[in-house]
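1. here's a sequence, model it:
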Amino acid sequence: MQPDDGIDYSNDQQIGPGLVEMRYLDAYRFIFQSPKWLTNVLLSGVCMLVAGIIPIVPQLVLMGYQFEIIEALHRRPNQMYPDFDLNRLADYLTRGMWPFLVTFVASFVLIPVGFVLMFGFMAIFGSVMAAGASTTVTVLIGALLVIVLIALSVLAGIVSVPMSLRAGLAQDFAAGFDFEFIKSFVSRVGLELLLTWLFLIASGFILTIVGFLACFIGAFVSVALWMLAQGHLMYQLYELYLSRGGAPIPLKTDARR
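-> Predicted coordinates:
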């Protein structure tokens, strides 16, 4: 028996198309393939708009929709991604909760480590300045501090992807802390993970500028586009990981069929 969750499970599959390389621009192109793309983007943008009034909950809804898209593309890569369904807000909210909680808990480990390293470098920087180091040495140490901070931020982003991906697809909190999966995922698609974050940073910067030029509402639409693109890139990373011999994530919906 198929679950009554609004998703068509006919002809579904556990292994996607077996990507051999990332297609970064497709992360934005796919959004416009749906006949209802404008509605999907606007409703996603409304979630970000409401987040300014009601914190966390709208972000969870959008994150849940993001993982609905990831699973749908994984099961049926040749079909249209699911449209945003207002009747399934509770489902989106529940699904978005697991990857959010995983990254929230993980931050309690990553953030303190980052602060320790940051203050360590700042202490070294202060000692060098107090010792009367030359301008060149001071600038080099300052540049090194900035590079380390950026590297830590990127590393945190890279590690959070397999954690949230596993929690979001398995719809289980504990699944996000499968360290063997995290290790396997990073070892197989680590370079693509890094390039994905660089692409998201660059495209996010451009969307932010365009959004503000398009006035207030445009900024929220830009964030919605960025979130949907992020979901597609996570889907691509997962399929690339599988094509390189990675173990598939057990999908919760299988048990309800």
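
2. which helix or strand contains the residue nearest the centre of the chain?
-> Centroid-nearest residue in the chain, with CA atoms, centre = their mean: Gln230, separated by 5.3 Å. Using DSSP states H and E, Gln230 sits in helix 215-243.

3. might one say that the residue nearest to the centre of the chain is in contact with Ile201?
-> No: using CB atoms under 8 Å, Gln230 is not in contact with Ile201; the gap is 11.2 Å. All C-beta atoms are positioned from the backbone trio N, CA, C, and that covers glycine.

4. count the residues that sit near the residue lying closest to the residue nearest to the centre of the chain once chain neighbours are set aside.
-> Once flanking residues are discounted, Gln230 sits nearest to Leu200: 6.1 Å by CB to CB, 6 or more residues apart in numbering. Residues contacting Leu200 under the criterion other CB atoms under 10 Å number 18.

5. so how far is Pro250 from Ala170?
-> 6 Å (CB to CB, to the nearest Å).

6. in terms of neighbours, single out the busier of these two.
-> Neighbour count, other CB under 10 Å: between Ala170 and Pro250, Ala170 has more, with 18 against 15.

7. and the host helix or strand of Glu71, what does it pack against?
-> Glu71 is part of helix 57-75, with elements assigned from DSSP H and E. Using 3 or more CB pairs under 8 Å, 6 or more residues apart in numbering; DSSP states H and E, the elements in contact with helix 57-75 are helix 37-50, helix 89-130, helix 135-170, helix 215-243.

8. how far off centre is that helix?
-> Put simply, helix 57-75 sits 10 Å off its chain's centre (CA atoms, centre = their mean, to the nearest Å).

9. tell me which residues of that helix are tucked away?
-> 58-75 (16 or more other CB atoms under 10 Å).

10. pick the most buried one from the helices and strands packed on helix 57-75.
-> For these, the largest average neighbour count (mean count of other CB atoms under 10 Å) is found in helix 215-243, namely a mean of 21.

11. who are the packing partners of that one?
-> Using 3+ CB pairs under 8 Å, 6+ apart: helix 215-243 touches helix 26-29, helix 37-50, helix 57-75, helix 135-170, helix 179-213.

12. rounded mean pLDDT for that helix, please.
-> Averaging pLDDT along helix 215-243 gives 90.

13. now stretch 109-121
-> The average pLDDT within stretch 109-121 is 67.

14. also stretch 40-55?
-> 87.

15. contacting residues around it?
-> Residues from elsewhere that reach stretch 40-55 (CB atoms under 8 Å, 6 or more residues apart in numbering): 31, 34, 57-59, 61-62, 65, 83-84, 86, 217, 220-221, 223-225, 227-228.

16. name the nearest residue to Gln59, sequence neighbours excluded.
-> Ala51 (5.5 Å).

17. repeat for Phe30
-> His232 (5.4 Å).

18. ok, now which ones touch the one you found?
-> So His232 contacts Asp26, Ala27, Tyr28, Phe30, Ile31, Ile69, Ile70, Leu73 (CB under 8 Å, 6+ apart).

19. quick one, phi psi at the residue nearest to Lys36 when sequence neighbours are not counted?
-> Nearest residue to Lys36 in three dimensions, chain neighbours excluded: Asp83, at 4.8 Å (CB to CB, 6+ apart). Backbone torsions of Asp83, given as degrees, to the nearest 10, read phi -80, psi 160.

20. surely Asp83 meets Gln33?
-> No: at 11.4 Å, Asp83 and Gln33 do not qualify as touching, with contact defined as CB under 8 Å.

21. tell me which of the two has more neighbours.
-> Ranked by neighbour count (other CB under 10 Å), Asp83 and Gln33 place Asp83 first, with 16 against 10.

22. identify the residues contacting the more buried one.
-> Ser34, Lys36, Thr39, Asn40.
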